[in-house]
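Undergrad: coords please:
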Amino acid sequence: METIPKYIRTKTWRRNPADPKGTKEGVPNFLRVLGWRLNPAWVPTLKTIIILDYIEGGVVPVRKVPKALRPQYHDTLARFALACYRAGYGPGTQKGKRRVNSTYRDPAEQAVLYALNMIAPGIPKPGRPLTSLPGTSPHNKGIALDVPNVRDERGLLAECRKLGLHDDVPSEKWHLTNHNVVAS
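TA: Just a heads-up that it's a prediction; the model follows:
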């Protein structure tokens, strides 16, 4: 797994003893209650980003992902959320949150999807669905996202590529895979 650069590990939240209520805007409620305030130079990073401020939809909660896959799953979500921030999505922006259709899928769910797509009309070749076999999909490993029309948004796609999320499945213009982690 790629190591996080040293500058990303720096603290971005500071406690302000003179302001125990944390009245500074932008501080999440759970930190505001603890009396923390936003550092004026704060910029989201992979370690500090609050993922659900930037993305919504089919995001599987981390607790439902097998423990062995959680680090790479969280890394994938954090990278996409950071790309969304850099592309102008997020709280207080005109774009709002970016929709995600699918993230982690367990092998049983993948098997059902594969079976349904085997018989679906309109697939490119009968008997050859777009869906991967159960256990072979990057979604089963927690390193893939399905984001509607991601290739149509040049700014977001460029930010995703800078962070190692690539649209590497030519037949799926919605699919992103995290190339920064070694899938188990």
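
Undergrad: Which residues does the lengthiest helix in the chain contact?
TA: When the chain is parsed with DSSP state H, its longest helix is helix 70-86. Residues outside helix 70-86 that contact it (Cβ atoms under 8 Å, 6 or more residues apart in numbering) are 1, 44-47, 49-51, 53-55, 59-60, 62, 65, 90, 97-98, 100, 103-104, 141-145, 147, 156, 159-160, 162-165, 176, 178, 180-181, 183-184. For every residue, glycine as well, the C-beta is placed using N, CA and C.

Undergrad: Tell me which helix or strand comes right after that helix.
TA: strand 98-100 (DSSP states H and E).

Undergrad: Quick check: buried residues in that next one?
TA: Buried residues in strand 98-100, counted by 16 or more other Cβ atoms under 10 Å: 98, 100.

Undergrad: Who are the packing partners of that strand?
TA: Contacts defined by 3 or more Cβ pairs under 8 Å, 6 or more residues apart in numbering; DSSP states H and E place strand 98-100 against strand 55-57, helix 70-86.

Undergrad: Need the residues that contact it.
TA: So strand 98-100 is in contact with 54-59, 80, 84, 89, 145-148, 156, going by Cβ under 8 Å, 6+ apart.

Undergrad: any chance of the helices and strands packed on strand 98-100 in JSON lines, plus mean neighbour count, mean pLDDT and distance to residue 112?
TA: Conversion of the helices and strands packed on strand 98-100 to JSON lines gives the following (neighbours: other Cβ atoms under 10 Å; pLDDT from 0 to 100; distance: least, Cβ to Cβ, whole Å):
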{"stretch": "strand 55-57", "mean neighbour count": "16", "mean pLDDT": "87", "distance to residue 112": "19"}
{"stretch": "helix 70-86", "mean neighbour count": "22", "mean pLDDT": "89", "distance to residue 112": "20"}
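
Undergrad: if I pick residue 114, what's in contact with it?
TA: 129, 131-134.
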